[in-house]
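In: mind looking at a prediction? Sequence and model below.
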Amino acid sequence: MIAMIDAYKFIQYARTNNVSDKFKKIADGLKETDNPVLVRVKLKSE
């Protein structure tokens, strides 16, 4: 699944939620005025 998220929303989410270190590292490398972030996730099968 792919989602497009505004950079400032991505950064705010990283600051206000319990996220992984990898997520925080990505958010720390962004500026709020950057282009939207594409997020690709692999859904787990049951």
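Out: On my side now, so go ahead. Nothing here was measured: the structure is a model prediction, and the numbers come from that model.
In: in the chain, which residue is most central in space?
Out: With distances taken as Cα atoms, centre = their mean, residue 10 lies nearest the centre of the chain, 4.4 Å away.
In: so it: helix, strand or coil?
Out: Assigned by DSSP: H, G, I helix; E, B strand; the rest coil, the conformation of residue 10 is helix.
In: not counting stretch 22-33 itself, show me its contacts.
Out: The set of residues external to stretch 22-33 that reach it, using Cβ atoms under 8 Å, 6 or more residues apart in numbering, is 7-8, 10-11, 13-15, 19, 37. Every C-beta, even on glycine, is put in place using the N, C-alpha and C of the backbone.
In: which ChimeraX command selects the buried ones in the residues you listed?
Out: Filtering the contacts of stretch 22-33 down to the buried ones (16 or more other Cβ atoms under 10 Å) takes a single ChimeraX command:
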select :7,10,11,14,37
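In: pick out whichever of the contacts of stretch 22-33 sits closest to residue 1.
Out: Nearest to residue 1 among the contacts of stretch 22-33 is residue 37, at 14.2 Å by Cβ to Cβ.
In: spit out the contact partners of the closest one.
Out: Residue 37 touches 4-7, 10, 26, 30, counting by Cβ under 8 Å, 6+ apart.
In: that older thread, once you drop chain neighbours, what's closest to the residue nearest to the centre of the chain?
Out: Excluding the flanking residues, the one nearest residue 10 by Cβ to Cβ, 6 or more residues apart in numbering is residue 37, at 4.9 Å.
In: same question for residue 14.
Out: Residue 14 sits nearest to residue 27 (Cβ to Cβ, 6+ apart), 3.5 Å away.
In: now do the SS call for the one you found.
Out: Assignment for residue 27 (three-state DSSP): helix.
In: between the contacts of residue 37, which has the most around it?
Out: residue 10 (19 neighbours; other Cβ atoms under 10 Å).
In: show me the helices in the protein, by range?
Out: 7-16, 21-28 (DSSP state H).
In: got those helices as JSON lines, with distance to residue 43 and mean pLDDT columns?
Out: Output for these, formatted as JSON lines (distance: least, Cβ to Cβ, whole Å; pLDDT from 0 to 100):
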{"stretch": "helix 7-16", "distance to residue 43": "19", "mean pLDDT": "96"}
{"stretch": "helix 21-28", "distance to residue 43": "17", "mean pLDDT": "95"}
